[in-house]
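In: Build the 3D model from these lines:
(chains A and B)
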Amino acid sequence: MPEKPQFRAIKGTRDILPPDTALWNWFEHTAREIFESYNFREIRLPIFEQTDLFARSVGSDTDIVSKEMFTFRLPDGSERLATEGASSSQTGEQVSLRPEATASTMRAYIEHNLQALPGNVKLYCIGPMFRRERPQKGRYRQFYQLNAEILGQSDAPAIDAEVLEMLVVFFKHVGLTRTTLYLNSIGDKNCRPQYVELLRQELLKVKDQLGPDSQRRIETNPLRVLDSKLSQEQEIIAKLPRISDHLCAGCREHFARLKDELKLRGIVYEENWRLVRGLDYYTRTTFEVIAEGLGSQNAVCGGGRYDGLVELLGGPPTKGIGFAIGSDRAILSIQESGNLPVLPGLDVFVAWMGEPTYAAALAIARKLRESGVSVELPGEEMKFKKSLNLADKLGARYALIIGSDEVASCTFTLKRLADADQRKLSEYELLEYLESEKRGTRG
RNA sequence: GUGAGCGUAGCUCAGCUGGUAGAGCAUCGGUCUGUGGCACCGAGGGUCGCGGGUUCAAACCCCGUCGCUCACCCCA
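Out: Numbering: from 1, shown residues only, chains lettered A, B, ... in the order given. Okay, the predicted model is just below:
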């Protein structure tokens, strides 16, 4: 009598179950291989940090920091672990679950003096992030990202281009086709404030034609008006001044050279002057990748340059660029496209018949497992028909049949379930055969 | 934070103008004591999200509440 579940996953969190976990592991493993082929190395970071780290880097006025973080106080030293009692300390350190990974990476870079390393520092990080938003398709309160960052003294456009190349190569590798890469430059500390002010003035002239959200943004963040989805605002937005016409000489040249670099590398992109990003720290290059099959939340990757962020956090003058890929969304899009990889499952189901064969079955199962074969062996005797039926339902590639005949002749009968091809093999032949099969299919 | 839609078996869903619940798939068993996918037979599994109201009678109507989903905001 199953009872109603007493506990359920917290809103916005979810369980990822087999066989989906195989897809996730493959996705993340592919990322590691591609990123490391570009000489990125993994950094593992804490899942919570001082709240102020995020406030300063992401921007205390952003929605992420002002209303979407999971924030709590650590108990101070005078308290015991707070397993009981609601009286949480007001004096403890205020910390937050990370809403993104770049801030932590910068903190680690500064804390461990990574600027002392030779060349550019190239790091990637895989793990969960937390934002207290209302869940919807492709959006969770605990979600997963792949992050990559390049930090160093240089802001050469080739660095930006390499990051974008890696991104494109990765998406191609995981079968995430039908994506669009959007590219823009949003200027730097010199030219952007002037443009934002110009934009604000222009927006004020047409204020009464805008919706309430956009009217509010004129004061809070004029750039955000540019990516409004309201159809009645599109005509007005199209006439607004564009940042590409107001970049300073340095930013203009950087953007032009980046586009040359992308051409050299054969990267296809779409320039989008309305692409603005939500985090305060971005400068110059910004980009975003959108994918199909995702509903309204269709951005699978966002990133850009953030020169000056390390300094803002108390580190040495440093240039930086990076991106975040939303794994939940990327994997959802791959699933919706049906373009799924064939992932290894159960290789062999051992169908043994009668107690006298059990010892032989156990012995060969162990040997097969030692050679990397996935084996299922029922611990209780069952009818032979039922064994094969179960082997089939479990999706086994082979049934290994062991009865009194096989034990008497020291052989095994291997049956391929897909086409019922069946052969008698010695132990040596069996191991050889399955190992070569495994190599051939390249799991 | 705002708005809309939906909550009936493990899953997908029926259930007419109110008369105290069904199907398919899945699971388990049998037909079937060394050859699976098929077929047939059978079994288990639901206080119809929860609480209240109307009624002789509520899965169905009304109110509330919780949950899920999608969208807005914002973002990966």
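In: mind giving me the domain split of chain A?
Out: A:20-191+A:247-337, A:348-441 (automatic domain parsing).
In: Could I get these in CSV, plus columns for mean neighbour count, mean pLDDT and distance to residue A:201?
Out: In this view, the C-beta of every residue, glycine as well, is placed from N, C-alpha and C. Rendered in CSV, the data for these read as follows (neighbours: other CB atoms under 10 Å; pLDDT from 0 to 100; distance: least, CB to CB, whole Å):
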stretch, mean neighbour count, mean pLDDT, distance to residue A:201
domain A:20-191+A:247-337, 18, 93, 16
domain A:348-441, 16, 94, 64
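In: Switch the ones you listed over to CSV; also include distance to RNA strand B.
Out: Written out in CSV, the entries for the domains of chain A read as follows (distance: least, CB to the nearest atom of the strand, whole Å):
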stretch, distance to RNA strand B
domain A:20-191+A:247-337, 2
domain A:348-441, 2
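In: Quick check: residue A:329 vs residue A:36, distance?
Out: Applying CB to CB, to the nearest Å, the value for residue A:329 to residue A:36 is 23 Å.
In: ok so, going back, now the domains of chain A in TSV, please, with extra columns for distance to residue A:204.
Out: Conversion of the domains of chain A to TSV gives the following (distance: least, CB to CB, whole Å):
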stretch	distance to residue A:204
domain A:20-191+A:247-337	19
domain A:348-441	64
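In: I'd like to know which of these is closest to residue A:212.
Out: Residue A:212 lies closest, by CB to CB, to one member of the domains of chain A: domain A:20-191+A:247-337, at 16.3 Å.
In: Can you give me the first-to-last residue distance of the closest one?
Out: The first and last residues of domain A:20-191+A:247-337 sit 15 Å apart, counting by CA to CA, to the nearest Å.
In: And for stretch A:132-141?
Out: Distance between the two ends of stretch A:132-141: 5 Å, counting by CA to CA.
In: Distance from the chain centre to it, please.
Out: 15 Å (CA atoms, centre = their mean, to the nearest Å).
In: And for stretch A:123-131?
Out: That offset, for stretch A:123-131, works out to 7 Å (CA atoms, centre = their mean).
In: Mind listing residues that contact that stretch?
Out: Counting by CB atoms under 8 Å, 6 or more residues apart in numbering, the neighbours of stretch A:123-131 from elsewhere in the structure are A:28, A:31-32, A:35, A:40-45, A:47, A:64, A:68-70, A:97-101, A:104-105, A:109, A:141-149, A:151.
In: CA atoms of it as CSV?
Out: Once side chains and other backbone atoms are set aside, the C-alpha atoms of stretch A:123-131 remain, and they are given as CSV (Å, rounded to 0.1, in the frame of the first residue of the first chain):
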residue,chain,number,x,y,z
LEU,A,123,39.6,28.0,-16.3
TYR,A,124,36.3,26.1,-16.6
CYS,A,125,33.8,25.1,-13.9
ILE,A,126,30.9,22.7,-14.0
GLY,A,127,28.1,22.7,-11.4
PRO,A,128,24.8,24.0,-10.0
MET,A,129,23.7,27.6,-9.6
PHE,A,130,20.8,28.9,-7.6
ARG,A,131,18.3,31.7,-8.3
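In: would residue A:13 count as being in a strand?
Out: No. Secondary structure assignment (DSSP: H, G, I helix; E, B strand; the rest coil) places residue A:13 in coil, not in a strand.
In: what about the helices in the stretch 301-443 of chain A?
Out: Under the criterion DSSP state H, counting those that start in this stretch, helices of the stretch 301-443 of chain A are mapped to A:309-312, A:327-337, A:355-370, A:384-393, A:404-409, A:427-441.
In: could those be laid out in TSV, adding distance to residue A:284?
Out: TSV is the format used below for the helices of the stretch 301-443 of chain A (distance: least, CB to CB, whole Å):
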stretch	distance to residue A:284
helix A:309-312	12
helix A:327-337	25
helix A:355-370	54
helix A:384-393	56
helix A:404-409	70
helix A:427-441	46
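In: who's residue A:323 bridged to?
Out: Taking DSSP bridges as the rule, residue A:323 bridges to residue A:148, residue A:303.
In: thinking it is in contact with residue A:163, fair?
Out: Yes. Taking CB atoms under 8 Å as the contact criterion, residue A:323 and residue A:163 are neighbours in contact, 6.4 Å apart.
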